[in-house]
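**Q** Build me a model from this:
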Amino acid sequence: MAIKSTADKVATIQKGYTLEGPTIELGAAIVDGELHKEAPVRLPLAMMNRHGLVAGATGTGKTVTLHMMAEQLSTAGVPVFLADIKGDLSGLATAAAGSEKLKARTDSIGQAWSGKTFPVEFLALGGDGAGIPVRSTITSFGPILLSRVMELNETQESSLQLVFHFADKNNLELIDLKDLRAVIQFLTSDEGKDELENLGGLSKSTAGVILRELITLEAQGMEKFFGEPEFDTAELLRTAPDGRGVVTCLELPTLQTKPMLFSTFLMWLLADLFEDLPEAGDLDKPKLVFFLDEAHLLFNGASKAFLDAITTTVRLIRSKGVGIFFVTQTPKDVPADVLGQLANRVQHALRAFTPEDAKALKATVSTFPISDYDLEETLTSAGIGEAVITVMNEKGAPTPVALTRLRAPESVMGPSDDALIASTVAGSALLAKYGTAVDNVSAYEKLASQSAASTGPAAGSDAGSGSGTGLDPNAVDADARRIEEEILGRPSSRSTQSPTPDRERTPQRRAPQPQESSGGMAGDLAGALGGALGGGLKSMARSLGTQIGRELLRGVFGTSSRRRRR
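**A** Residues are numbered from 1 along each chain as shown. This next block holds a predicted model:
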């Protein structure tokens, strides 16, 4: 086989990246050690929903790459979602300042650079950060994702699905952790033993394990992520008044302490979009591009059900106009079934310091098309801000492999000032919708009221503490304090005083009052809801009881958003 000249190699890249439609400009090709700005490397905007992978060792420039891509997507009118793990991506809201070094780099690749700001929305999970609080209800989150957070085994996961099945069937809304705890405690109580037996596959011992895991979540402070108002994932699809796509930056300041929760919450956002968006087919540009940083956290120790759900979501969501880019260190962090769905590759440098590194390097090389590069050498010698790229062209074929010097972002490569972030959040239209937590009538109140109604007026004083259904807030708090102090090794933040019935309630809550039983759980729940809403609406509450037995529409992850429950 004849050895190709440098000119021939450059011509191959030029031909491969000559595209007709709008593109994301990635940089200029490096061939035989020389930079060729006449050989630009780009990604068709219409192919961004074919998903992608941004990989590379720590410090090779992955975050800068997704930063640069996000800027161009926003300019093209495409909304972007970014998980901001290190806080660096908030710099999208601040224009970068030029320098001689930067000008030399951008001139060398033919980039017409100027400092710019971009429309950014700052979010924070449960208010854990400066952004708009993002919350999910337990019902919406679903049993598969919740099992992932709780690290349940497959048997326990199946049992949790039965608990959700029972709650759905009996119109018991699972808004926060105490609602799910109340349902499980009801099923393991004397009052609920018949219902437990009817579920078949749920044992009292397994229910106890799940209950203990819930208490552990509460002790870790995770209850603030579950509740209302629930974040509407349609907010991620917005554009600014000037037509640019809004870049949604989700702060993850404490990722290292709760990696499983954060990675799973990101999957909930994606799953909710998947269930709600209509089929769109092939579009000129995607509706949204989703960047999942630290993607290996999604897959480590994941159950088969969880992995199957991710694979299904990745395979099908492209037809709804959403592109997903997984950002991680090596392709082997992503399961083969998922990796096979990723058409666009941006591979930064890899290390080969250990036998395991060398094995990962060979595996990575084997996944690229045949090229004019010695990829083992290229991937271990690429500099910061350089990457080996191949993408899907407009005809659905892979472009030639090209070592590329990447474009420089036009906004700050680092965090924006705290004052700018605070003012952006304060001026956001989302703050009024999601800024204040509320606690509406749900399973906890209904079960407490049902117990009071079935045991007579004397039980009224116990309904607030849930003693009729085995709910003992004092015991739960004691367990939570023990877990914090003995297992987590830190002083407990929980009060040792006996709680009042409304101690966790906001002014928006209307406490249910005991009502006489209408017969069976359906009647009891209708009576409880009638008491919560007021006597004038009791007949409406009874009519709602006829809907018991109609299960919620749940998605591929077992998710069920408020929109799908209406």
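**Q** Now do residue 146, the pLDDT please.
**A** Listed pLDDT for residue 146 reads 90.
**Q** Name the secondary structure element that contains it.
**A** helix 143-150 (DSSP states H and E).
**Q** Show me what that helix is packed against.
**A** Under the contact definition 3 or more CB pairs under 8 Å, 6 or more residues apart in numbering; DSSP states H and E, helix 143-150 sits against helix 154-169, helix 204-219, helix 259-276, helix 304-317. For every residue, glycine as well, the C-beta is placed using N, CA and C.
**Q** now the longest one against helix 143-150, angle please.
**A** In other words, helix 259-276. Counting by axes from the mean of the first three to the mean of the last three CA atoms, to 10 degrees, helix 259-276 lies at 170 degrees to helix 143-150.
**Q** now the angle from helix 259-276 to helix 204-219?
**A** Using the same axes, to 10 degrees: helix 259-276 against helix 204-219 is 100 degrees.
**Q** following helix 259-276, which helix or strand shows up next?
**A** Next in sequence after helix 259-276, counting helices and strands by DSSP H and E, comes strand 288-292.
**Q** For that following strand, which strands pair with it and how are they oriented?
**A** Note on strand 288-292: by DSSP bridges, its sheet partners are strand 80-84 (parallel), strand 322-328 (parallel).
**Q** Make TSV out of those and add distance to residue 118, mean pLDDT and mean neighbour count.
**A** Listed next are the strands paired with strand 288-292 as TSV, based on distance: least, CB to CB, whole Å; pLDDT from 0 to 100; neighbours: other CB atoms under 10 Å:
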stretch	distance to residue 118	mean pLDDT	mean neighbour count
strand 80-84	9	91	26
strand 322-328	18	93	25
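**Q** Need the three-state assignment for residue 224.
**A** Here residue 224 is recorded as helix under DSSP: H, G, I helix; E, B strand; the rest coil.
**Q** What residues does the closest residue to it other than its chain neighbours make contact with?
**A** Leaving aside its sequence neighbours, residue 224 sits nearest to residue 126 (CB to CB, 6 or more residues apart in numbering; 4.0 Å). Neighbour list for residue 126: 133-135, 224-227 [criterion: CB atoms under 8 Å, 6 or more residues apart in numbering].
**Q** would residue 24 count as being in a strand?
**A** Yes. Assigned with three-state DSSP, residue 24 falls within a strand.
**Q** residues touching it, list them.
**A** 42-45, 48, 69, 72-73, 76.
**Q** Give me the residue at the spatial middle of this structure.
**A** residue 266 (0.8 Å; CA atoms, centre = their mean).
**Q** Quick check: it touching residue 83?
**A** Yes. Using CB atoms under 8 Å, residue 266 makes contact with residue 83 at a distance of 5.8 Å.
**Q** quick one: common contacting residues for those two?
**A** Shared contacts of residue 266 and residue 83 (CB under 8 Å, 6+ apart): 250, 292.
**Q** Turn the contacts of residue 126 into a markdown table, including neighbour count, distance to residue 89 and pLDDT.
**A** Formatted as a markdown table, the contacts of residue 126 follow (neighbours: other CB atoms under 10 Å; distance: CB to CB, whole Å; pLDDT from 0 to 100):
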| residue | neighbour count | distance to residue 89 | pLDDT |
| --- | --- | --- | --- |
| 133 | 22 | 19 | 93 |
| 134 | 25 | 16 | 93 |
| 135 | 23 | 22 | 93 |
| 224 | 16 | 23 | 85 |
| 225 | 23 | 21 | 88 |
| 226 | 26 | 25 | 92 |
| 227 | 24 | 26 | 92 |
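**Q** from those residues, which single one is nearest residue 262?
**A** Distance to residue 262 across those (CB to CB) is lowest for residue 225, with 9.3 Å.
**Q** That closest one and residue 138 touch, don't they?
**A** No. Judged on CB under 8 Å, residue 225 makes no contact with residue 138 at a distance of 10.2 Å.
**Q** returning to that earlier point: what about the residue nearest to residue 224, distance to residue 434?
**A** Applying CB to CB, to the nearest Å, the value for residue 126 to residue 434 is 11 Å.
**Q** now residue 425, what's its secondary structure?
**A** Classification of residue 425 by three-state DSSP places it in helix.
**Q** State the number of residues packed around it.
**A** By other CB atoms under 10 Å, the residues close to residue 425 number 19.
**Q** Now do the same for it: its pLDDT.
**A** pLDDT, read off for residue 425, is 95.
**Q** is it true that it touches residue 419?
**A** No. Counting by CB under 8 Å, residue 425 does not reach residue 419; the two are 10.9 Å apart.
**Q** which of the contacts of residue 126 lies closest to residue 165?
**A** Nearest to residue 165 among those is residue 226, at 19.1 Å by CB to CB.
**Q** Out of the helices and strands packed on helix 143-150, indicate the one that is most buried.
**A** helix 259-276 (a mean of 22; mean count of other CB atoms under 10 Å).
**Q** pLDDT (mean, whole number) over that one?
**A** Averaged across helix 259-276, the pLDDT comes to 83.
**Q** ok, and what's touching the longest strand belonging to the chain?
**A** With secondary structure taken from DSSP state E, the chain has its longest strand at strand 34-44. If you take CB under 8 Å, 6+ apart as the criterion, strand 34-44 is touched by 6, 10, 13-14, 17, 19, 21-31, 108-110, 344, 389, 391-394, 402, 404-405.
**Q** picking up where we left off before, dump the contacts of residue 24 to JSON lines, plus pLDDT.
**A** Converted to JSON lines, those look like this (pLDDT from 0 to 100):
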{"residue": "42", "pLDDT": "97"}
{"residue": "43", "pLDDT": "97"}
{"residue": "44", "pLDDT": "97"}
{"residue": "45", "pLDDT": "97"}
{"residue": "48", "pLDDT": "95"}
{"residue": "69", "pLDDT": "97"}
{"residue": "72", "pLDDT": "98"}
{"residue": "73", "pLDDT": "98"}
{"residue": "76", "pLDDT": "97"}
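**Q** Name the member of those that has the highest neighbour count.
**A** Going by other CB under 10 Å, residue 48 tops the contacts of residue 24 with 30 neighbours.
**Q** Would you check that that one makes contact with residue 323?
**A** Yes. Using CB under 8 Å, residue 48 is in contact with residue 323, at 4.2 Å.
**Q** joint contacts of those two?
**A** With CB under 8 Å, 6+ apart as the test, residue 48 and residue 323 both reach 286, 289.
**Q** re the thing from before, residues making contact with the helix holding residue 146?
**A** For helix 143-150, the external contacting residues (CB under 8 Å, 6+ apart) are 138, 156-157, 160-161, 163-164, 210, 213-214, 216-217, 222, 260-261, 264, 267-268, 271, 302-303, 305-306, 309, 557-559.
**Q** Stretch 262-269 now?
**A** Residues from elsewhere that reach stretch 262-269 (CB under 8 Å, 6+ apart): 81, 83, 125, 134, 136, 140-142, 145, 148-149, 225, 231, 233, 236, 250, 252, 255, 290, 292, 294, 297-298, 310, 313, 557, 559.
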